[in-house]
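1. got a sequence here, can you build the structure:
(one chain, ligands or ions: 1)
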Amino acid sequence: MKQVRAKKNLGQHFLNDQNIAIKIVDSLMCQSPKSVLEIGPGMGVLTKYLLNYPEVNLKLIEIDGESVEYLNGTYPALSGKVHFGDFLKIDINELFTDDFTVIGNFPYNISSQIFFKVLDYKDRIPSVVGMIQKEVAERLASPHGSKAYGILSVLLQTFYDIEYLFTVNEGVFIPPPKVKSAVIRLTRNQRTDIGCSWSLYKEIIKQAFNQRRKTMRNSLKSIIVPLGFDHEWMNRRPEQMSVEDFIELACIISKLREEKLE
Ligand code: SAH
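-> Numbers count the residues shown, from 1 in each chain. Coordinates of the predicted model:
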């Protein structure tokens, strides 16, 4: 069977280490998920091990036609499971009607967008195991108080517990990427919602981190001044705010805005 030639613009770096593939698959399968979506299966290095769990409702989404052809030709058990398309564009309801977990060696150029889409479906995605750039993995898993903590860390940690599982070196991929990689696991926490507008919450977090060296008072000026709001939080830099602090802040701002309209 002819191999698939890696296409850079699709973020293709094929994992070439079976032990790491097994470790990644185990990191999800130890939770005994009923349904699994693999994003970007490529030549199937993870898929092959996912097929050891025939009881699982497995679906794959792959944007590269050559990879789709390769997978269908190599693994007859995948019949009807491989969707040719873009994960960022697909209507998830075409793949699953119920909850599903996510796995993949993600294309690094779109890993943030993948996580934003996961957030859109947070109530249907109990867990995610993904390989991404090491630096991004560290950022997502960082607690508040650390330099790496940023917008996507806060947003994801609002609804997921995030574990940095292990680091993966460049040399185990074909072709090797320029940076190191890491595998992280997201597990849905108990929070059902934040109690006020998600879009206001996002706006506050984005604005606060936009100038991360400034105090919150400075970055959030346009939001807090019209409301006459001040608080000890405003002396902080955004990375010193916990998820709970940001939620509380967004809900206070939301209330003040409503009162102002009355
Ligand atoms: N899982 C394979 C391939 C990882 S490379 C391995 O570990 O070897 C990333 C894969 O994601 C490639 O196969 C690429 O074609 C695919 N891909 C890139 N963008 C995508 C998108 N938007 N939707 C679905 N798949 C995508």
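2. how close does Lys180 get to Gly130?
-> Distance, Lys180 to Gly130, using Cβ to Cβ, to the nearest Å: 15 Å. C-beta coordinates here come from the backbone N, C-alpha and C atoms, glycine included.
3. between those two, which one's more packed in?
-> Gly130 (27 against 13; other Cβ atoms under 10 Å).
4. show me where this structure has its helices.
-> Listed in chain order, the helices of the chain (DSSP state H) span 18-29, 47-50, 65-74, 111-120, 134-141, 151-159, 198-210, 216-219, 221-224, 243-261.
5. want to throw those helices into JSON lines with distance to Pro175 and mean neighbour count?
-> Output for the helices of the chain, formatted as JSON lines (distance: least, Cβ to Cβ, whole Å; neighbours: other Cβ atoms under 10 Å):
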{"stretch": "helix 18-29", "distance to Pro175": "16", "mean neighbour count": "18"}
{"stretch": "helix 47-50", "distance to Pro175": "20", "mean neighbour count": "21"}
{"stretch": "helix 65-74", "distance to Pro175": "15", "mean neighbour count": "17"}
{"stretch": "helix 111-120", "distance to Pro175": "18", "mean neighbour count": "17"}
{"stretch": "helix 134-141", "distance to Pro175": "17", "mean neighbour count": "21"}
{"stretch": "helix 151-159", "distance to Pro175": "27", "mean neighbour count": "21"}
{"stretch": "helix 198-210", "distance to Pro175": "33", "mean neighbour count": "18"}
{"stretch": "helix 216-219", "distance to Pro175": "40", "mean neighbour count": "19"}
{"stretch": "helix 221-224", "distance to Pro175": "46", "mean neighbour count": "16"}
{"stretch": "helix 243-261", "distance to Pro175": "38", "mean neighbour count": "16"}
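6. the ligand: which of the ones you listed is closest?
-> helix 65-74 (5.1 Å; Cβ to the nearest ligand atom).
7. just want the residue of the stretch 151-262 of the chain that's nearest the ligand.
-> For the stretch 151-262 of the chain, Cβ to the nearest ligand atom, closest residue to the ligand: Phe173, 7.4 Å.
8. any idea how far Gly11 is from that residue?
-> On the measure of Cβ to Cβ, Phe173 and Gly11 end up 11 Å apart.
9. same check on Leu227?
-> According to Cβ to Cβ, Leu227 and Gly11 sit 43 Å apart.
10. more neighbours, the two?
-> Using other Cβ under 10 Å, the more surrounded residue of Leu227 and Gly11 is Gly11, with 18 against 14.
11. the helices of the chain into a markdown table, with extra columns for mean pLDDT?
-> Output for those, formatted as a markdown table (pLDDT from 0 to 100):
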| stretch | mean pLDDT |
| --- | --- |
| helix 18-29 | 98 |
| helix 47-50 | 98 |
| helix 65-74 | 97 |
| helix 111-120 | 97 |
| helix 134-141 | 98 |
| helix 151-159 | 98 |
| helix 198-210 | 97 |
| helix 216-219 | 97 |
| helix 221-224 | 96 |
| helix 243-261 | 96 |
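12. which residues does whichever residue of the chain sits closest to the ligand contact?
-> Nearest residue of the chain to the ligand: Gly40, at 2.1 Å (Cβ to the nearest ligand atom). Counting by Cβ atoms under 8 Å, 6 or more residues apart in numbering, Gly40 touches 11, 61-63, 87, 104-107.
13. out of those residues, the closest to Leu50 would be?
-> Gly104 (10.6 Å; Cβ to Cβ).
14. the closest one pairs with what?
-> Gly130 (DSSP bridges).
15. check it and give its pLDDT.
-> Looking at Gly104, its pLDDT reads 98.
16. now swap in Lys2 and tell me
-> On pLDDT, Lys2 comes in at 56.
17. give me the number of residues near the closest residue to Lys178 other than its chain neighbours?
-> Computed as Cβ to Cβ, 6 or more residues apart in numbering, the closest residue to Lys178 that is not its neighbour in sequence is Glu170, at 7.5 Å. Applying other Cβ under 10 Å, we find 14 residues neighbouring Glu170.
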